[in-house]
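K.L.:
sharing a model that was predicted from the sequence below.
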Amino acid sequence: MRLLMMRLPTPVSLCAPVPLCLAAAAVLLSSPAQAAPRPSCAATDDRAFPVTTRIHGGPDSYEAGGGYGTWYLDLTNTTTRTCGNIHPVVVLVDERRALEPTQPRLEFYDGTAGARPHPVRFERTDADELVGAFTDDRDRFRGFTVAPGKTLTVKVRLALTSDAEPNEVTANAAVVQRHDGDGDWVGQSNDYRFDIEAEPARRPEPASEPASKSTSEPASEPASEYASKSASKSASKSASKSASESAPAPDAAATTTPAPDGHLSLADQLAGTGLGPTVALAAAALLLVTSGALLLVRKRR
């Protein structure tokens with residue numbers, strides 16, 4: 001990196017604001033010097049910059065961690081000579097002085113059809129401004145050329161990383177024409193102010209509520225009545241099985257079908273213990289006889 005020495009083509013009184021002048025005087029341009037420097041821009045008025053510069057079209061705010069916002073930089077050559085080797089230098093001044101050089105992601109387009117954007121690397125100055133020059137050695141970008149009396153519009157896009165704090169930022173562009181190891185300060189833009197908004201917090205998915213239990217479930221039957229009904233159903237099954245001796249005996253797993261009220265019959269529950277269908281049916285029949293006897297005793301009393 002080399003410090004680019006600056007020559008001011010206009011009186012120092014035009015250096016406003018002061019932070020922008022300091023940043024422009026300390027800008028770093030690392031591209032190799034041209035073998036034959038191009039002619040210098042010369043303003044017709046000693047109190048005006050030869051390249052009128054204007055930032056426009058940018059959004060009012062950027063979301064940290066969000067996408068790019070696009071804006072434009074107009075370079076108007078007010079002279080009768082071609083201005084070549086022009087390098088805009090963007091200066092970012094944030095209110096909180098918390099913006100880090102790696103947080104702004106700034107890229108510019110050189111106007112070449114199909115060309116990818118050029119990244120801008122920021123440096124921090126002693127006055128806590130971030131300064132980034134439009135230069136790219138990788139793609140051998142040597143600056144813009146603006147014809148006499150013409151305006152060149154440079155497309156720029158900016159994004160902020162997710163760790164950027166909420167802030168208010170002012171962007172300016174100083175325009176430098178490079179000559180070998182030094183250069184001329186030939187333009188200065190208007191202010192472009194924008195906010196940095198915090199990345200929205202990720203809201204957790206609402207927990208699914210447990211299904212409410214139905215209040216219309218039928219009341220459970222008394223144990224004696226339930227046992228009697230289950231035994232009757234089991235006895236009916238026994239009669240049906242004895243009528244068809246040629247049919248193979250079902251295994252225990254196949255006989256465990258729920259009763260219409262949603263409960264397993266007592267025979268099915270006994271069969272599930274591994275006692276076998278014969279023992280289960282015998283136990284059910286015994287229970288049926290016992291239940292009938294108990295009912296007769298109660299009626300006689």
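P.N.:
Perfect, thanks for sending it.
K.L.:
mind checking how far residue 109 is from residue 192?
P.N.:
From residue 109 over to residue 192 the distance is 17 Å, taken as Cβ to Cβ, to the nearest Å. C-beta: built from backbone N, CA, C; applies to glycine.
K.L.:
which of the two has more neighbours?
P.N.:
Set residue 109 next to residue 192 and count neighbours by other Cβ atoms under 10 Å: residue 192 wins out with 21 against 15.
K.L.:
what's across from residue 72 in the sheet?
P.N.:
residue 56, residue 155 (DSSP bridges).
K.L.:
and it, what does it touch?
P.N.:
55, 56, 57, 58, 153, 154, 155, 156 (Cβ atoms under 8 Å, 6 or more residues apart in numbering).
K.L.:
tell me how far it lies from residue 189.
P.N.:
From residue 72 to residue 189 the distance is 11 Å (Cβ to Cβ).
K.L.:
ditto for residue 150
P.N.:
Residue 150 sits 17 Å away from residue 189, going by Cβ to Cβ.
K.L.:
wait, what's in contact with the nearest residue to residue 69 once chain neighbours are set aside?
P.N.:
Once flanking residues are discounted, residue 69 sits nearest to residue 59: 4.2 Å by Cβ to Cβ, 6 or more residues apart in numbering. Neighbouring residues of residue 59 by Cβ under 8 Å, 6+ apart: 69, 71, 194.
K.L.:
would you agree the first one is in contact with residue 57?
P.N.:
Which is residue 69. No. The pair residue 69 / residue 57 is not scored as a contact, 9.4 Å apart, by Cβ atoms under 8 Å.
K.L.:
where in the stretch 1-150 of the chain is pLDDT low?
P.N.:
1-39, 43-46 (pLDDT under 70).
K.L.:
and the strands in it?
P.N.:
Assigned by DSSP state E, counting those that start in this stretch, the strands in the stretch 1-150 of the chain fall at 5-7, 51-56, 61-63, 69-77, 83-94, 104-108, 118-120, 122-124, 130-133, 144-146.
K.L.:
out of these, which is closest to residue 41?
P.N.:
In terms of Cβ to Cβ, the element of the strands of the stretch 1-150 of the chain nearest to residue 41 is strand 83-94, at 4.1 Å.
K.L.:
strand partners (parallel or antiparallel) of the closest one?
P.N.:
Strand pairing for strand 83-94, using DSSP bridges, gives strand 130-133 (antiparallel), strand 144-146 (antiparallel), strand 167-179 (antiparallel).
K.L.:
can you list those strands in JSON lines and add distance to residue 86 and mean neighbour count?
P.N.:
Formatted as JSON lines, the strands paired with strand 83-94 follow (distance: least, Cβ to Cβ, whole Å; neighbours: other Cβ atoms under 10 Å):
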{"stretch": "strand 130-133", "distance to residue 86": "11", "mean neighbour count": "23"}
{"stretch": "strand 144-146", "distance to residue 86": "4", "mean neighbour count": "21"}
{"stretch": "strand 167-179", "distance to residue 86": "6", "mean neighbour count": "22"}
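K.L.:
so which of those gets nearest residue 80?
P.N.:
Judging the strands paired with strand 83-94 by Cβ to Cβ, what sits closest to residue 80 is strand 144-146, at 12.3 Å.
K.L.:
contacts for the closest one?
P.N.:
38, 51, 75-77, 82-88, 110-111, 134, 152, 154.
K.L.:
before we move on, back to that, neighbour count winner among residue 69 and residue 57?
P.N.:
residue 69 (18 against 15).
K.L.:
from residue 124, how far out is that one?
P.N.:
Separation of residue 69 from residue 124 (Cβ to Cβ): 22 Å.
K.L.:
hang on, the earlier thing: show me which of the contacts of strand 144-146 are buried.
P.N.:
Using 16 or more other Cβ atoms under 10 Å as the burial test, these include 38, 51, 75-77, 83-88, 110, 134, 152, 154 as buried.
K.L.:
domain parsing for this structure?
P.N.:
5-197, 223-300 (automatic domain parsing).
K.L.:
verify the contact between residue 58 and residue 68 for me.
P.N.:
No. Assessed by Cβ under 8 Å, residue 58 is found out of contact with residue 68, at 10.8 Å.
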